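In: show me how the following folds:
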Amino acid sequence: MNYLQLHEQNKENSLFGRYITLHHIEPLLQKYKVETIGKSVLGKPIYKLEFGTGKTKILMWSQMHGNESTTTKGLFDYINFLNSKTEESDTILKNFTFCILPMLNPDGAELYTRENANGIDLNRDAQNLSQPESIILRNIFNEFQPHYCYNLHDQRTIFGVDDTGNPATVSFLAPAFNESRDINAVRLKAIHVIVAMNDVLQQYIPNQVGRFDDSFNINCVGDTFQYLYVPTILFEAGHFPHDYEREETRKYIFIALFSGIEFLHENDIVISKIDDYLKIPQNKVVFYDFVYKNVKINYDGKDKIINFAAQYKEVLYKGKVQFEARIAQIGNLDNFLGHVVVDANGEPFSSEENDFPKIDQKADFCLGKSKKVVNGLINN
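Out: Residues are numbered from 1 along each chain as shown. Below is the predicted model:
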């Protein structure tokens, strides 16, 4: 099957970039039977969609963290597939029932923050249930009684796939259900879906799929739902080279969604895939957005050769997310990689502010007379 072609046929072109809010998705929701299941802290509606009539029930939610919108785009691409009225989509709808909360944290989405309007991380509120959004999700979980849960997130550009030198474009986790991180029949079901998705993704992004850390935290939603005997899968949409808007990554989220559901429909598990799951390399913090090597500075009257790194900060400005490169680390970067690497070859550093880099300074500077760096990138 040509998954990329399938994605192109079902891509929701009205959703683009990193800033996705209710304003962007509400026109799309009008095409379907949609239910308002509650309100956010600031009174914004939280919506639920249901598709299908099948016996296997799958609960999906996205933008629990408001600034994590890639999976929302991939989710709407998949919703388009479910409603494409093809033989494949009709088969899926006959065998599955999907309950989808496309934006659990609309206040955070509007503000482009991880937390909700009360400053609470909803993915650490699974036990306290202190926030209206957390209560809504738990109520839906209890009412719908899913057979599987899909917990859809983004991860930062800092993550790579172990020591491969590749970014973690997509990562998965079958969350632990206890401190010892045992694997029971429930967790094993989630593991099998992840292995199936990884097998397909390796055809498109080889060595760019990671396995997220499975340290147990009962306050996390995924760990709690796994503890409550429902197989739960964490999705993390990450960085693809030069794809800061994550339009490439959304393709692979769609492919993961499609191939995982396809696997559940077509396969009866007879052989444990734990070893295959554990062979997926773990996520590792190894990347900066920019690394500058062999830069000459003059410090206390002495010339030195240093390395330093810069990282984008995502800033919401007039309804758009802007990427502002700022210096993040100076010194030994032996254990780090850069999505962009610049070798200064001993050229001196200079900027309007000072003659050596400082932490949190904007990445606007010169390397010698020929290389002008603007917002992290060499300006040709």
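In: surely residue 265 is in contact with residue 89?
Out: No. Residue 265 is beyond contact range of residue 89, at 11.8 Å (criterion: CB atoms under 8 Å). All C-beta spots, glycine's among them, are computed from the backbone N, C-alpha and C.
In: confidence score at the residue of the chain positioned farthest from its centre?
Out: Here the chain reaches farthest from its C-alpha mean at residue 301, the gap being 45.8 Å by CA atoms, centre = their mean. pLDDT recorded at residue 301 is 80.
In: pretty sure residue 101 is in contact with residue 48, am I right?
Out: Yes. Using CB under 8 Å, residue 101 is in contact with residue 48, at 5.8 Å.
In: mutual contacts of the two, please.
Out: 37, 140 (CB atoms under 8 Å, 6 or more residues apart in numbering).
In: show the subsequent helix or strand relative to the longest strand along the chain.
Out: Secondary structure of the chain per DSSP state E: the longest strand is strand 302-317. Counting by DSSP states H and E, the next helix or strand C-terminal to strand 302-317 is strand 320-330.
In: so what does that following strand touch, helix or strand wise?
Out: Other helices and strands packing on strand 320-330, by 3 or more CB pairs under 8 Å, 6 or more residues apart in numbering; DSSP states H and E, are strand 287-299, strand 302-317.
In: out of these, which one sits most buried?
Out: strand 287-299 (a mean of 20; mean count of other CB atoms under 10 Å).
In: if we can go back for a sec, ok, residue 101 and residue 48, which is more surrounded?
Out: Each of residue 101 and residue 48 has its neighbours counted (other CB atoms under 10 Å); residue 101 has more, 24 against 20.
In: could you pull out the strands for the stretch 51-200 of the chain?
Out: 56-61, 96-101, 148-154, 159-161, 170-173 (DSSP state E, counting those that start in this stretch).
In: and the fourth one, average pLDDT?
Out: Spelled out, it's strand 159-161. 98.
In: and the contacts of it?
Out: Contacts of strand 159-161 (CB under 8 Å, 6+ apart): 166-168, 171, 207-210, 236, 238-239, 281, 283-287, 337.
In: mind running it again at 7 Å?
Out: By CB atoms under 7 Å, 6 or more residues apart in numbering, the residues outside strand 159-161 that reach it are 166-168, 171, 207-210, 238, 281, 283-287, 337.
In: now the helices: where do they sit in the chain?
Out: For the chain, applying DSSP state H gives helices covering 3-10, 22-29, 70-82, 87-95, 106-111, 132-144, 185-201, 221-227, 247-266, 274-278.
In: closest to residue 79 out of the helices and strands packed on strand 320-330?
Out: strand 302-317 (25.9 Å; CB to CB).
In: I'd like to know which elements that closest one is packed against.
Out: strand 287-299, strand 320-330 (3 or more CB pairs under 7 Å, 6 or more residues apart in numbering; DSSP states H and E).
In: burial measure for the nearest residue to residue 136 once chain neighbours are set aside, as a count.
Out: Nearest residue to residue 136, sequence neighbours excluded (CB to CB, 6 or more residues apart in numbering): residue 38, at 4.1 Å. A total of 18 residues lie near residue 38 under the criterion other CB under 10 Å.
In: who's in contact with residue 38?
Out: 46, 132, 136.
In: that one and residue 98: what is the separation?
Out: 19 Å (CB to CB, to the nearest Å).
In: again, but for residue 138
Out: Distance from residue 138 to residue 98, by CB to CB: 19 Å.
In: between those two, which is the more surrounded one?
Out: Using other CB under 10 Å, the more surrounded residue of residue 138 and residue 98 is residue 98, with 23 against 17.
In: please tell me how far the more buried one sits from residue 219.
Out: Taking CB to CB as the measure, residue 98 and residue 219 are separated by 27 Å.
In: again with residue 83
Out: 36 Å.
In: try residue 12
Out: In terms of CB to CB, residue 12 sits 33 Å off from residue 219.
In: neighbour count for these two, which is higher?
Out: Per other CB under 10 Å, whichever of residue 12 and residue 219 has more neighbours is residue 12, with 20 against 13.
In: could you pull up the residues touching the more buried one?
Out: Residue 12 neighbours (CB under 7 Å, 6+ apart): 28, 73, 76-77, 80.
In: give me the below-cutoff pLDDT ranges for the chain.
Out: 269-270, 380 (pLDDT under 70).
In: burial measure for residue 245, as a count.
Out: Per other CB under 10 Å, the neighbour tally for residue 245 reads 16.
In: please apply the same query to the one 5 residues further on.
Out: Neighbour count of residue 250, defined by other CB under 10 Å: 27.
In: ok, residue 215 next?
Out: Residue 215, neighbours per other CB under 10 Å, totals 11.
In: not counting sequence-adjacent ones, nearest residue to it?
Out: Nearest to residue 215 is residue 176, by CB to CB, 6+ apart, at 7.2 Å.
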